[in-house]
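Chemist: any chance you could fold what I've pasted below:
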Amino acid sequence: MRTSESRLVTHRQHPTLPIEIRSYNKRAFFRKAWNEETINSRGHVVTLDGTPVSRPFTKFLNIGETDEFSRENVERMIELHRDEVLFNPKLNGHFAQLFEYEGQWINTTKGSFEHDFIEPDRALIERAGLTDDALARMNPNWTFLFEILGNHDRHMLHDIDVESYAHEGESETAVIIGVFDRQTWSEVPEREVFEVLRKTADVLDLPIPPMVEGFTYGEVASALLDLNEDRATPSQILDALYDSVNCEGMVIQIPSLCWRVKLKTHWFIRNRYMRQMTNTRVAQIIKKQREDEKIYARIPEELHDEMDEIMYGVKNQHRIFLEEFHHLSTCLHDEGFVTKDEMIDEYRRTSDVESSDVWITTSRTIDLIMFKAFFTGHDALFDATVDMYMAATPEHSLVRNHMREDLL
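Modeler: Got it, this is the predicted structure:
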């Protein structure tokens with residue numbers, strides 16, 4: 001497989017076919033470098049001369065991520081297009097697509113033909129109802145887009161959606177989130193796709209593949225606010241969506257404009273933090289931010305007391321280490337060991353302390369690391385202190401929940 005990379009987009013060639021898949025890279029993501037090239041490189045497949053083969057959704061952003069998608073502008077767009085705006089549940093899995101090329105149906109992830117997920121994804125797509133026999137009856141110009149809720153993807157909270165979409169008895173599935181027609185490069189209406197899938201399932205005695213269906217403005221207003229459509233404002237609807245539980249969020253869509261924006265619920269963000277924020281990561285954030293104000297700004301006010309406990313423990317232990325090692329270095333200096341290296345060598349040779357106090361070292365290796373950090377400078381000792389504190393304390397689950405927002 002040939003892989004090349006422009007400044008913002010990665011190109012990966014198919015191992016045997018003259019096509020490549022293009023996806024924006026980490027540089028584009030973290031710099032938020034969204035332009036015509038990057039938003040159209042989200043699993044887009046082309047021939048080697050650039051002719052389009054398969055087109056997924058363009059990259060769409062979160063509310064507030066750019067000025068164009070500020071909350072004020074999103075509310076204005078919803079108000080202007082009340083009659084057609086759709087609210088599609090945003091499932092918490094990973095993206096896959098399925099398209100036909102030269103007589104074979106090919107599935108990919110967002111950026112690869114050969115990812116470890118390719119085979120298990122295809123198996124879920126078949127179990128959902130799109131078997132080879134079913135695909136033989138599909139329009140070969142259609143590209144199917146999926147959210148894969150698979151047990152092989154350990155990073156996702158897919159279990160929150162499986163109950164709603166998986167066939168009976170299944171703990172995982174592939175959900176169709178859209179279909180593109182590559183003759184017109186337009187989305188195929190949900191109802192048209194469903195009718196084709198239903199008829200195919202009837203003929204072949206297969207299950208109908210699950211699909212995401214959008215809710216209208218009125219349906220959302222009624223379900224979340226118990227209000228008639230004309231009484232619910234876009235602001236009220238967004239507030240209610242943010243406060244929803246047991247779901248990742250919504251993709252708000254205006255079909256006639258091919259316009260989309262994402263909304264992630266507070267519940268999902270908290271639970272995603274819980275899954276991914278480890279004590280090591282908390283320690284890294286404390287060390288990187290340094291200033292208390294920046295650290296506390298990252299978490300809700302109701303968790304500041306728990307953060308106080310963490311910060312007090314780190315700073316108090318740092319003070320103890322400073323006092324311990326200052327005393328130790330003074331003693332060694334008085335005994336004739338003048339340079340840093342001489343003191344460290346002597347400490348390594350003579351130290352056999354086994355204290356019951358975890359902070360006064362339970363291992364000579366940790367002792368030596370801390371002693372070296374003391375000589376390296378205040379920052380290095382503080383960093384080592386943070387690592388020691390977080391390693392020796394229970395997980396601060398609530399704080400961990402909220403300290404990864406910048407990486408989402």
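
Chemist: stretch 328-341: which residues count as buried?
Modeler: Across stretch 328-341, burial judged by 16 or more other Cβ atoms under 10 Å covers 328-329, 332, 337. Backbone N, C-alpha and C define where each C-beta goes, glycine included.

Chemist: whoops, stretch 234-242 was the one
Modeler: Buried residues in stretch 234-242, counted by 16+ other Cβ under 10 Å: 234, 237-238, 240-242.

Chemist: what's the domain layout of this protein?
Modeler: Domains of the chain are assigned by automatic domain parsing as 3-59+92-204, 277-407.

Chemist: can you tell me which of these the model trusts least?
Modeler: For those, mean pLDDT drops lowest on domain 277-407, to a mean of 60.

Chemist: count of neighbours near Glu75?
Modeler: Using other Cβ atoms under 10 Å, Glu75 has 17 neighbouring residues.

Chemist: same question, Glu172
Modeler: Residues near Glu172, counting by other Cβ under 10 Å, number 21.

Chemist: which ones are touching it?
Modeler: Residues near Glu172 by Cβ atoms under 8 Å, 6 or more residues apart in numbering: 124, 149-151, 158, 162, 166.

Chemist: list just the nearest of those to Asp308.
Modeler: His158 (35.0 Å; Cβ to Cβ).

Chemist: can you tell me which of the contacts of Glu172 has the most neighbours?
Modeler: When the contacts of Glu172 are compared by neighbour count (other Cβ under 10 Å), Leu149 ends up highest, at 28 neighbours.

Chemist: correct me if wrong: that one contacts Ser164.
Modeler: No - the criterion here is Cβ atoms under 8 Å, and Leu149 misses it with Ser164 at 9.7 Å.

Chemist: make TSV out of the buried residues of stretch 328-341 and add secondary structure and distance to Gly43.
Modeler: Conversion of the buried residues of stretch 328-341 to TSV gives the following (DSSP: H, G, I helix; E, B strand; the rest coil; distance: Cβ to Cβ, whole Å):
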residue	secondary structure	distance to Gly43
Leu328	helix	58
Ser329	helix	58
Leu332	helix	61
Phe337	coil	62
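
Chemist: what is the neighbour count of Met211?
Modeler: Neighbour count for Met211, taken as other Cβ under 10 Å: 17.

Chemist: so what pairs up with it in the strands?
Modeler: Beta-bridge pairing for Met211 (DSSP bridges): Ile176.

Chemist: mind listing what it touches?
Modeler: Met211 makes contacts with 175-177, 190, 193-194, 197, as judged by Cβ under 8 Å, 6+ apart.

Chemist: for the contacts of Glu172, give me a markdown table that also has secondary structure and distance to Ile320.
Modeler: Shown next, in a markdown table, are these (three-state DSSP; distance: Cβ to Cβ, whole Å):
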| residue | secondary structure | distance to Ile320 |
| --- | --- | --- |
| Leu124 | helix | 54 |
| Leu149 | strand | 48 |
| Gly150 | coil | 48 |
| Asn151 | coil | 46 |
| His158 | coil | 45 |
| Val162 | helix | 49 |
| Ala166 | coil | 53 |
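
Chemist: ramachandran angles for the nearest residue to Asp243 once chain neighbours are set aside?
Modeler: Closest residue in space to Asp243, ignoring its immediate chain neighbours: His266 at 6.5 Å, by Cβ to Cβ, 6 or more residues apart in numbering. Geometry field for His266 lists phi and psi as phi -60, psi -40, criterion degrees, to the nearest 10.

Chemist: wait, doesn't His266 sit right on Asp239?
Modeler: No - with contacts counted by Cβ under 8 Å, His266 stays clear of Asp239, the gap being 10.5 Å.

Chemist: what about stretch 28-46, start to end distance?
Modeler: One end of stretch 28-46 sits 20 Å from the other (Cα to Cα, to the nearest Å).

Chemist: then stretch 250-267?
Modeler: 13 Å.

Chemist: for stretch 130-145, same thing?
Modeler: The first residue of stretch 130-145 is 12 Å away from its last residue (Cα to Cα).

Chemist: same question, stretch 18-27
Modeler: End-to-end distance for stretch 18-27, by Cα to Cα: 27 Å.

Chemist: before we move on, what about stretch 250-260?
Modeler: In stretch 250-260, first residue to last residue: 10 Å (Cα to Cα).

Chemist: pull the number of nearby residues for Arg82.
Modeler: 15.

Chemist: quick one: contacts for the residue lying closest to it once chain neighbours are set aside?
Modeler: Nearest residue to Arg82 in three dimensions, chain neighbours excluded: Tyr217, at 4.9 Å (Cβ to Cβ, 6+ apart). Residues near Tyr217 by Cβ under 8 Å, 6+ apart: 78, 82-83, 85, 87, 229, 232, 237.

Chemist: how close does Tyr217 get to Pro89?
Modeler: Distance of Tyr217 to Pro89, given as Cβ to Cβ, to the nearest Å: 15 Å.

Chemist: what of Asn141?
Modeler: Separation of Asn141 from Pro89 (Cβ to Cβ): 27 Å.

Chemist: cool, and Arg260?
Modeler: For Arg260, the distance to Pro89 - Cβ to Cβ - is 13 Å.

Chemist: looking at these two, which is more packed in?
Modeler: Taking neighbours as other Cβ under 10 Å, Arg260 and Pro89 compare with Pro89 leading, 21 against 18.

Chemist: what pairs with the more buried one across the strands?
Modeler: According to DSSP bridges, the residues that bridge with Pro89 are Met250.

Chemist: past the one helix or strand Val220 maps to, which element shows up next along the chain?
Modeler: Applying DSSP states H and E as the criterion places Val220 in helix 217-220. Using DSSP H and E, the helix or strand that follows helix 217-220 towards the C-terminus is helix 234-242.

Chemist: can you list contacts of that next one?
Modeler: Helix 234-242 is contacted from outside by 63, 71, 74-76, 78-79, 87, 217, 220-221, 224-225, 227, 249-250, 263, 265-266, using Cβ under 8 Å, 6+ apart.
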